[in-house]
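Q: Could you work out the structure for the sequence below:
(one chain, ligands or ions: 2)
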Amino acid sequence: MAQILDGLKVSKEIKEEIRVDVIKIVETNRRPPHLVAILVGKNGASMTYVNNKIKDCKEVGFKSSLVDFPSTVSESELLEKIDELNKSKDVDGFIVQLPLPKQIDQEKIIMAIDPRKDVDGFHPENFGKMALEMDTFLPATPFGIITLLERYGIDTKGKHCVVIGRSRIVGKPMSILMGRKDFPGNSTVTLTHSYTPHIEEFTQKADIIITALGDPNFLKADMIKEGAIIIDVGITRVEDQSEKGYKLIGDVDFESCKEKASWITPVPGGVGPMTRAMLMKNTLLAYKTSVYND
Ligand SMILES: Nc1nc2c(c(=O)[nH]1)N[C@@H](CN(C=O)c1ccc(C(=O)N[C@@H](CCC(=O)O)C(=O)O)cc1)CN2
Ligand SMILES: [Mg+2]
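A: Ligands and ions are numbered 1, 2, ... in the order given. Okay, the predicted model is just below:
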């Protein structure tokens, strides 16, 4: 029977550590860190995530601002706002909630963000630094996963890690972090995706599986080996009769896999809350860098 990697519990510990740090900052008459979130359109999940980011800021003592645009916003209007935030002395970090509407070129938007304020760690400069093992902002979800492994003392050295999915937000950076000469890292990594034939031939040999597919209950017990460590990044909203109108289903068939795995993350309450905590951590880092090094 697997033990639970409790992301909700660890995320609360991390946010508490940040809150204590911010109290010390404010006590010395300095302003608190300031995060700005840009939301485009009215996608239900994106609205929830952005509202939660604002809530987290309040909890840890940060200043926060929400900039919302209609889904019809033009690329140039968005770029103008980014330019303003890049220049603002009052803003330490900002994020543009993804996905963006089709008329907006996501790459152009990400490239426009000042890497020093890119607390999502999506800018190619920060991605490159991550790959080269230099200090930088790590993307919040992969950062959350390595922090969760670290806090539970899980040894990843010499393990075979299979990552499923190659998105810029999760799969690609995750595959790089697990192979770095750092702790947690030093794994042998296989990055699988939609063109990987017979994916179970890879997952059945894996010591660690990190799934970021968005395919509910995709990973079944017969696809994993005894004692595997299972990290579920998939969160799909599936309609039901509850008050919310939906429930959240991960990529992992939790009920069957928990009988065979050694460690497993739940959905909800696993990787999601860690993503939120690590954005706060990156914002604090952006604040400290601008305060001490600019
Ligand atoms: N600019 C960004 N866009 C997106 C990111 C990102 O890191 N930066 N990641 C995802 C969405 N995301 C944060 O933005 C995110 C997703 C899920 C959770 C979370 O807490 N999940 C909970 C369930 C919450 C719910 O839906 O009720 C859980 O798993 O327990 C936090 C953040 C895409 N876009
Ligand atoms: Mg800075």
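
Q: okay, CA-based contacts and neighbour counts for the rest of this
A: Fine.

Q: what sits against residue 250?
A: When contacts are counted by C-alpha atoms under 8 Å, 6 or more residues apart in numbering, residue 250 touches 214, 215, 216, 217, 232, 233, 234, 235, 236, 266, 267, 268.

Q: restrict the residues you listed to contacts with ligand 1.
A: 267, 268 (C-alpha under 6 Å from any ligand atom).

Q: Counting by contacts, list what the helix or strand of the chain with the lowest mean pLDDT packs against.
A: The weakest-scoring helix or strand in the chain, judged by mean pLDDT, DSSP states H and E, is helix 271-293 (a mean of 91). Applying 3 or more C-alpha pairs under 8 Å, 6 or more residues apart in numbering; DSSP states H and E, one finds that helix 271-293 makes contact with helix 7-27, strand 34-40, helix 44-60, strand 93-96, helix 140-151.

Q: residues of that helix that come out buried?
A: By neighbour count on 16 or more other C-alpha atoms under 10 Å, the buried set for helix 271-293 is 271-287.

Q: about what we covered before: could the helices and strands packed on helix 271-293 go into a markdown table alongside mean pLDDT and mean neighbour count?
A: Converted to a markdown table, the helices and strands packed on helix 271-293 look like this (pLDDT from 0 to 100; neighbours: other C-alpha atoms under 10 Å):
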| stretch | mean pLDDT | mean neighbour count |
| --- | --- | --- |
| helix 7-27 | 98 | 16 |
| strand 34-40 | 98 | 22 |
| helix 44-60 | 97 | 16 |
| strand 93-96 | 98 | 25 |
| helix 140-151 | 98 | 22 |
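
Q: Let me have the ones you listed in JSON lines, extended by distance to residue 102.
A: Below are the helices and strands packed on helix 271-293 laid out as JSON lines (distance: least, C-alpha to C-alpha, whole Å):
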{"stretch": "helix 7-27", "distance to residue 102": "33"}
{"stretch": "strand 34-40", "distance to residue 102": "11"}
{"stretch": "helix 44-60", "distance to residue 102": "15"}
{"stretch": "strand 93-96", "distance to residue 102": "15"}
{"stretch": "helix 140-151", "distance to residue 102": "24"}
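
Q: Contact residues of this structure facing ligand 1?
A: Residues of the chain lying close to ligand 1 (C-alpha under 6 Å from any ligand atom) are 49, 95-98, 120, 140, 267-273, 275-276.

Q: Of the contacts of residue 250, grab the buried ones for ChimeraX.
A: Buried residues within the contacts of residue 250, by 16+ other C-alpha under 10 Å, are selected in ChimeraX with:
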select :214,216,217,232,233,234,235,236,266,267,268
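
Q: Now, the contacts of residue 250 that are in strands?
A: 232, 236 (DSSP state E).

Q: Nearest to residue 133 among the contacts of residue 250?
A: Using C-alpha to C-alpha, residue 233 comes nearest to residue 133 of the contacts of residue 250, at 23.3 Å.

Q: Any buried residues in stretch 84-95, and which?
A: Residues 85, 86, 91, 92, 93, 94, 95 are the ones in stretch 84-95 that count as buried (16+ other C-alpha under 10 Å).

Q: Show the contacting residues for the spatially closest residue to the third one that is not a sequence neighbour.
A: Distances taken as C-alpha to C-alpha, 6 or more residues apart in numbering place residue 34 nearest to residue 91, at 5.3 Å, with adjacent residues excluded. Taking C-alpha under 8 Å, 6+ apart as the definition of contact, the neighbours of residue 34 are 62, 63, 64, 65, 90, 91, 92, 93, 283, 287.
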